[in-house]
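# just the structure for this:
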Amino acid sequence: MNTQNYTSTTDIRLSAKLYYGLPAIITNDGVSTDDNGRKIIKAGTPVGGVTSFLDDETAKLSLYTAPAASSGDSGSGSGSTSTTTTPTVQGIVLHDTDVTAGDTSTTVMILGIVGLKMVDDETQALLTADIQAALPHILFPNR
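Residues are numbered from 1 along each chain as shown. Have a look, this model is predicted:
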(Lines give C-alpha, C1' and ligand atoms only; values in the text may rest on other atoms or scores of the structure.)
Protein backbone atom coordinates (compact mmCIF):
# COMPACT_ATOMS: atom_id res chain seq x y z
CA MET A 1 0.00 0.00 0.00
CA ASN A 2 1.34 3.43 -0.97
CA THR A 3 1.41 6.13 1.67
CA GLN A 4 1.74 9.84 1.07
CA ASN A 5 3.17 12.48 3.36
CA TYR A 6 1.42 15.81 3.08
CA THR A 7 3.33 18.77 4.41
CA SER A 8 3.19 22.48 3.86
CA THR A 9 6.13 24.48 2.65
CA THR A 10 7.69 27.09 4.84
CA ASP A 11 6.96 30.52 3.37
CA ILE A 12 9.27 33.27 4.61
CA ARG A 13 7.88 36.01 2.36
CA LEU A 14 5.78 38.78 3.87
CA SER A 15 4.15 39.25 0.48
CA ALA A 16 3.89 36.47 -2.06
CA LYS A 17 3.45 39.04 -4.82
CA LEU A 18 6.47 41.18 -3.96
CA TYR A 19 9.37 38.88 -4.64
CA TYR A 20 11.52 37.58 -7.45
CA GLY A 21 13.29 34.27 -7.43
CA LEU A 22 15.16 32.25 -10.01
CA PRO A 23 15.86 28.55 -10.30
CA ALA A 24 19.34 27.52 -9.25
CA ILE A 25 21.37 24.38 -8.78
CA ILE A 26 22.37 23.92 -5.16
CA THR A 27 24.88 21.49 -3.69
CA ASN A 28 24.94 19.79 -0.32
CA ASP A 29 28.46 21.06 0.46
CA GLY A 30 28.64 22.03 4.12
CA VAL A 31 25.09 20.86 4.94
CA SER A 32 24.84 18.80 8.12
CA THR A 33 22.68 15.70 8.39
CA ASP A 34 19.62 16.17 10.63
CA ASP A 35 18.18 13.68 13.16
CA ASN A 36 16.32 11.90 10.35
CA GLY A 37 19.44 11.39 8.23
CA ARG A 38 18.40 14.12 5.76
CA LYS A 39 20.37 17.15 4.55
CA ILE A 40 17.94 20.07 4.51
CA ILE A 41 18.77 23.66 3.61
CA LYS A 42 16.25 25.79 5.50
CA ALA A 43 14.22 28.56 3.88
CA GLY A 44 16.05 31.87 4.30
CA THR A 45 19.54 30.37 4.23
CA PRO A 46 22.03 32.57 2.33
CA VAL A 47 23.65 30.81 -0.62
CA GLY A 48 26.42 31.82 -2.96
CA GLY A 49 29.32 30.75 -5.03
CA VAL A 50 32.25 31.87 -7.13
CA THR A 51 30.23 32.02 -10.37
CA SER A 52 27.13 34.20 -10.57
CA PHE A 53 24.02 32.12 -11.15
CA LEU A 54 22.48 35.22 -12.76
CA ASP A 55 25.11 35.09 -15.51
CA ASP A 56 25.54 31.33 -15.76
CA GLU A 57 22.49 29.10 -15.33
CA THR A 58 24.75 26.08 -14.80
CA ALA A 59 26.53 27.69 -11.83
CA LYS A 60 26.25 25.69 -8.63
CA LEU A 61 25.47 27.47 -5.38
CA SER A 62 26.14 26.22 -1.87
CA LEU A 63 25.73 27.42 1.70
CA TYR A 64 27.36 30.81 1.93
CA THR A 65 30.05 31.26 4.52
CA ALA A 66 31.81 34.58 4.73
CA PRO A 67 35.52 34.45 3.90
CA ALA A 68 37.78 34.55 6.93
CA ALA A 69 38.73 38.08 7.86
CA SER A 70 42.19 38.97 6.70
CA SER A 71 44.60 40.45 9.19
CA GLY A 72 45.69 43.25 6.91
CA ASP A 73 49.43 43.58 6.40
CA SER A 74 50.39 41.12 9.12
CA GLY A 75 51.38 38.27 6.85
CA SER A 76 54.29 37.02 4.89
CA GLY A 77 53.73 39.71 2.29
CA SER A 78 53.81 37.27 -0.60
CA GLY A 79 51.37 39.46 -2.50
CA SER A 80 49.47 36.51 -3.94
CA THR A 81 45.77 37.08 -3.52
CA SER A 82 43.04 35.26 -5.39
CA THR A 83 39.93 37.35 -5.85
CA THR A 84 38.53 35.13 -8.60
CA THR A 85 37.88 32.24 -6.22
CA THR A 86 36.17 34.18 -3.44
CA PRO A 87 32.51 33.14 -3.21
CA THR A 88 29.88 35.85 -2.95
CA VAL A 89 26.42 35.68 -1.40
CA GLN A 90 23.88 35.70 -4.23
CA GLY A 91 20.49 35.21 -2.59
CA ILE A 92 18.52 33.16 -0.09
CA VAL A 93 16.76 29.84 -0.45
CA LEU A 94 13.01 30.44 -0.77
CA HIS A 95 11.78 27.09 0.57
CA ASP A 96 13.26 24.26 2.64
CA THR A 97 15.30 22.21 0.18
CA ASP A 98 16.35 18.57 0.58
CA VAL A 99 19.87 18.06 -0.76
CA THR A 100 20.44 14.61 0.74
CA ALA A 101 20.89 13.00 -2.69
CA GLY A 102 23.29 15.70 -3.88
CA ASP A 103 22.85 18.60 -6.28
CA THR A 104 19.24 19.66 -6.72
CA SER A 105 17.23 22.54 -8.11
CA THR A 106 15.65 25.16 -5.88
CA THR A 107 14.36 28.72 -6.03
CA VAL A 108 16.75 31.42 -4.86
CA MET A 109 15.19 34.74 -3.88
CA ILE A 110 17.04 37.79 -5.17
CA LEU A 111 14.38 40.43 -4.50
CA GLY A 112 11.59 40.63 -1.94
CA ILE A 113 10.55 41.05 1.67
CA VAL A 114 11.44 38.34 4.17
CA GLY A 115 9.87 38.30 7.63
CA LEU A 116 12.67 37.43 10.03
CA LYS A 117 10.17 35.96 12.50
CA MET A 118 9.13 33.51 9.78
CA VAL A 119 12.69 32.18 9.54
CA ASP A 120 13.82 29.64 12.15
CA ASP A 121 16.28 30.78 14.83
CA GLU A 122 19.28 28.90 13.44
CA THR A 123 18.79 30.40 9.98
CA GLN A 124 18.18 33.88 11.43
CA ALA A 125 21.67 33.71 12.93
CA LEU A 126 23.08 33.29 9.40
CA LEU A 127 21.37 36.48 8.22
CA THR A 128 23.93 38.83 9.73
CA ALA A 129 24.05 42.56 9.04
CA ASP A 130 26.82 41.92 6.47
CA ILE A 131 24.71 39.32 4.63
CA GLN A 132 21.68 41.62 4.64
CA ALA A 133 23.82 44.49 3.31
CA ALA A 134 25.13 42.23 0.53
CA LEU A 135 21.53 41.57 -0.56
CA PRO A 136 20.21 45.14 -1.01
CA HIS A 137 17.12 44.05 -2.96
CA ILE A 138 15.81 41.92 -0.11
CA LEU A 139 14.28 43.63 2.93
CA PHE A 140 14.46 41.85 6.30
CA PRO A 141 11.92 43.45 8.68
CA ASN A 142 11.61 41.84 12.10
CA ARG A 143 8.03 40.70 11.48
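
# list the contacts for the residue nearest to residue 49 when sequence neighbours are not counted?
Excluding the flanking residues, the one nearest residue 49 by C-beta to C-beta, 6 or more residues apart in numbering is residue 61, at 4.7 Å. Bear in mind the C-beta positions are built from the backbone N, C-alpha and C, glycine included. Shown in contact with residue 61 (C-beta atoms under 8 Å, 6 or more residues apart in numbering): 24, 25, 26, 27, 47, 48, 49, 53, 90, 91, 108.

# and if you look at residue 32?
Residue 32 neighbours (C-beta under 8 Å, 6+ apart): residue 39.

# ok, residue 99 to residue 113 distance?
According to C-beta to C-beta, to the nearest Å, residue 99 stands 26 Å off from residue 113.

# then residue 104?
For residue 104, the distance to residue 113 - C-beta to C-beta - is 26 Å.

# for the closest residue to residue 112 other than its chain neighbours, phi and psi?
Nearest non-adjacent residue to residue 112, counting by C-beta to C-beta, 6+ apart: residue 19, 3.0 Å away. In terms of degrees, to the nearest 10, the main-chain angles of residue 19 are phi -150, psi 160.

# tell me the pLDDT at residue 19?
What the model reports for residue 19 is a pLDDT of 95.

# ok, it - contacts?
Counting by C-beta under 8 Å, 6+ apart, residue 19 has contacts 13, 94, 109, 111, 112, 113.

# do the same with residue 34
residue 40.

# ok, it to residue 65 distance?
19 Å.

# hang on, the earlier thing: host element of the residue nearest to residue 49?
strand 60-63 (DSSP states H and E).

# so what strands line up beside that strand?
Looking at strand 60-63 with DSSP bridges, its partner strands are strand 19-26 (parallel), strand 46-49 (antiparallel).

# which of those sits most buried?
Most buried of the strands paired with strand 60-63, by mean neighbour count (mean count of other C-beta atoms under 10 Å): strand 46-49, with a mean of 24.
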